[in-house]
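> Sequence and predicted structure below; questions after.
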Amino acid sequence: MNPVIVRNIKIGEGRPKICVPLVGATEKEILGQAAELSGLPADIVEWRADWFEEVFDLVRVNQVLVKLREAAGGLPLLFTFRTAPEGGEKPISGDAYTELLIRSAQSGLIDLVDIEYFTVGEDMQKCLDAAHEAGVKVIASSHDFGGTPSKEEMVARLRTMQETGADISKLAVMPRSTKDVLALLDATQEMVSGYADRPVITMSMGGIGLISRLCGEEFGSSVTFGAAKRVSAPGQIPVTELESILKTIHENMQ
Ligand SMILES: O=C1C[C@@](O)(C(=O)O)C[C@@H](O)[C@@H]1O
């Protein structure tokens, strides 16, 4: 397993890294949330740009990115547009999605970009190449808000995303029962012990899946998302509580 290192944060080694999403609709809200980060135990900042009401104006996106880069200080900045079919705030055309991701990667302002594997389709290689040429790491992602696929399907998705050449593969699924949560943890464990040569991120969402956001160090998920004030997905808990639990697990696993 080769960790991915961004701005001194080693993803894939030690305790899972905490990623805090910014989910404002306006520049003011986004920057307000970013300003609160300094007191929080965040390792990575995610800008969920699909919440931004001006996200289809690429000039405005760049202007916000300039300010966010400054507000994030030394923390790695992850750019994400979560599309509506995968649980995000807005639908977007395929071409606009590809252009937004490539332009953001080429801005020189971000460290990581989230690329939805099933949304980007044939443009995956183009996006990957553009990101890598710009020195940006890629998280290939897949989200199932409707349910939890079989363990075999989840492992297959994670393997396919890794095989595209993405630096990290991420899978978020919605459980209907505790068995679904076990299936996600089992898939994660199998992927990490059998196939992964780079970091994997998984989560089972909602209250039933909360446990999966805490036990990544044991089962193999390298990043967990925690809320500053507002959650970006069901099941996230406040980031300070998250850090305390991760720390307890980390210290007692040794
Ligand atoms: O993909 C993810 C994971 C997530 O959906 C979660 O369940 O924590 C939260 C999103 O902000 C992020 O982009």
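Ah, there it is. Numbering: from 1, shown residues only.
> The closest residue to residue 119 other than its chain neighbours: neighbour count?
Excluding the flanking residues, the one nearest residue 119 by C-beta to C-beta, 6 or more residues apart in numbering is residue 83, at 5.2 Å. (Each C-beta comes from the backbone N, C-alpha and C, glycine too.) Other residues near residue 83 come to 19 when the count uses other C-beta atoms under 10 Å.
> pretty sure residue 202 is touching residue 212, no?
Yes: at 6.8 Å, residue 202 counts as touching residue 212 under the criterion of C-beta atoms under 8 Å.
> Among those two, which residue is more densely surrounded?
Ranked by neighbour count (other C-beta under 10 Å), residue 202 and residue 212 place residue 202 first, with 28 against 24.
> about what we covered before: from residue 161, how far off is the residue nearest to residue 119?
16 Å (C-beta to C-beta, to the nearest Å).
> Equivalent analysis for residue 135, please.
21 Å.
> Between these two, which has more neighbouring residues?
Each of residue 135 and residue 161 has its neighbours counted (other C-beta under 10 Å); residue 161 has more, 24 against 11.
> For the helix or strand that contains that one, could you pull out the residues that count as buried?
If you go by DSSP states H and E, residue 161 is part of helix 151-163. Neighbour counts over helix 151-163 (16 or more other C-beta atoms under 10 Å) mark 151, 154, 155, 157, 158, 161, 162 as buried.
> Could you do stretch 124-137 as well?
So, applying 16+ other C-beta under 10 Å, buried residues of stretch 124-137: 124, 127, 128, 130, 131, 134, 136, 137.
> which of these lies closest to the ligand?
Distance to the ligand, by C-beta to the nearest ligand atom, is smallest for residue 137 among the buried residues of stretch 124-137, at 14.6 Å.
> so the closest one sits right up against residue 5, yeah?
No: Residue 137 lies out of contact with residue 5 (C-beta under 8 Å); the separation is 9.1 Å.
> Run through the residues of this structure sitting next to the ligand.
Residues of the chain lying near the ligand by C-beta under 6 Å from any ligand atom: 21, 46, 48, 80, 82, 114, 141, 170, 172, 203, 205, 225, 232-233, 236.
> ok and the longest helix anywhere in the chain relative to helix 151-163, angle-wise?
For the chain, the helix with the greatest residue count under DSSP state H is helix 178-194. For helix 178-194 against helix 151-163, the angle by axes from the mean of the first three to the mean of the last three C-alpha atoms, to 10 degrees is 40 degrees.
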